[in-house]
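J.: this one's structure only:
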């Protein structure tokens, strides 16, 4: 069964040097049960998580609360970003969620700084924003594929830290999850897509090319986790070989982040009894 200790603190990346080899992708920190238990725990958590999200939305609409939450999802292909969206983020009321995915920049976007398209999509007050791939693509694939000079990559780390610090200072809670899978698990998931005709649409031959650069990507992730791991926007490494654990733990982390805001239901700016009497008279 789930333990009482904060899973956020268990998954948080310590400051300093990062070695992904120290993080077991098949582990289940913060949870001592099995798949059935994890799926049950996610179902049990859903009402409380949905309640907190609605309170965040309601406070912005009715009380002028400017706070919001941003979930950043990064991971190798097949790590489960879509699965998290369906199973964990899918608990939320859609009207309070905005999902954005940042892939290859357009011709117009390339004329601007790499953060130009990102800053336009940060969550508004009361919203839970999801970046399914994010500004970190510009220091991950850009580093591995040498799409930018080394000096520019270094500048981008600093720019990301400044951007996230400003975002946090404005009232946005930032939750950054690196969905960590093993090379063997990725191979299994890619093969599963090839074995199932209904999943062929999800398979991209380019994923095999990227897989050949696995060690380079692991190094790029380690550097991103080291260089952009501020107190206001820390990284969490989420073991993701077990899909059920990945889904539960991201939902749990979102619950802990929203719960820490101390959200109460906003009070109506009217006399309740008076409005009942007026309604009864109609």
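T.: Cool, got the structure. Predicted model only: the values in this text are computed from it and were never measured.

J.: from here on, contacts and neighbour counts on C-alpha atoms
T.: Fine.

J.: tell me where the stretch 101-250 of the chain has helices.
T.: 116-119, 137-144, 150-169, 183-195, 205-211, 214-227, 243-259 (DSSP state H, counting those that start in this stretch).

J.: which elements pack onto the third one?
T.: Counting by 3 or more Cα pairs under 8 Å, 6 or more residues apart in numbering; DSSP states H and E, the packing neighbours recorded for helix 150-169 are helix 137-144.

J.: which elements pack onto the helix it packs on?
T.: helix 150-169, helix 214-227.

J.: most tightly packed of those?
T.: helix 214-227 (a mean of 18; mean count of other Cα atoms under 10 Å).

J.: list of residues touching that one?
T.: Helix 214-227 is contacted by residues 13, 15-20, 136, 139-141, 143-144, 157, 183, 235 when judged by Cα atoms under 8 Å, 6 or more residues apart in numbering.

J.: tell me the mean pLDDT over that helix?
T.: Throughout helix 214-227, pLDDT has a mean value of 97.

J.: tell me the pLDDT of residue 231.
T.: The model's pLDDT for residue 231 equals 93.

J.: residues contacting it?
T.: Residue 231 neighbours (Cα under 8 Å, 6+ apart): none.

J.: how far away is it from residue 15?
T.: 9 Å (Cα to Cα, to the nearest Å).

J.: if we can go back for a sec, what's the most distant pair in the contacts of helix 214-227?
T.: Maximum pairwise distance among those (Cα to Cα): 26.2 Å, between 157 and 183.

J.: which helices and strands sit right next to the longest helix along the chain?
T.: Assignment by DSSP state H gives helix 35-63 as the longest helix of the chain. Under the contact definition 3+ Cα pairs under 8 Å, 6+ apart, helix 35-63 sits against helix 243-259.

J.: so how far is residue 137 from residue 183?
T.: From residue 183 to residue 137 the distance is 19 Å (Cα to Cα).

J.: of the helices of the stretch 101-250 of the chain, give the one that comes closest to residue 109.
T.: Of the helices of the stretch 101-250 of the chain, nearest to residue 109 by Cα to Cα is helix 116-119, at 6.6 Å.

J.: got the contact list for that closest one?
T.: 109, 134-135.

J.: do the same with stretch 53-60
T.: Contacts for stretch 53-60 (Cα under 8 Å, 6+ apart): 65-68, 92-93, 96, 125-128, 258, 263-266.

J.: mind redoing it with 6 Å?
T.: 65, 125-126, 265-266 (Cα atoms under 6 Å, 6 or more residues apart in numbering).

J.: on that earlier part again, in CSV: the helices and strands packed on helix 137-144, plus distance to residue 25.
T.: Formatted as CSV, the helices and strands packed on helix 137-144 follow (distance: least, Cα to Cα, whole Å):
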stretch, distance to residue 25
helix 150-169, 25
helix 214-227, 13
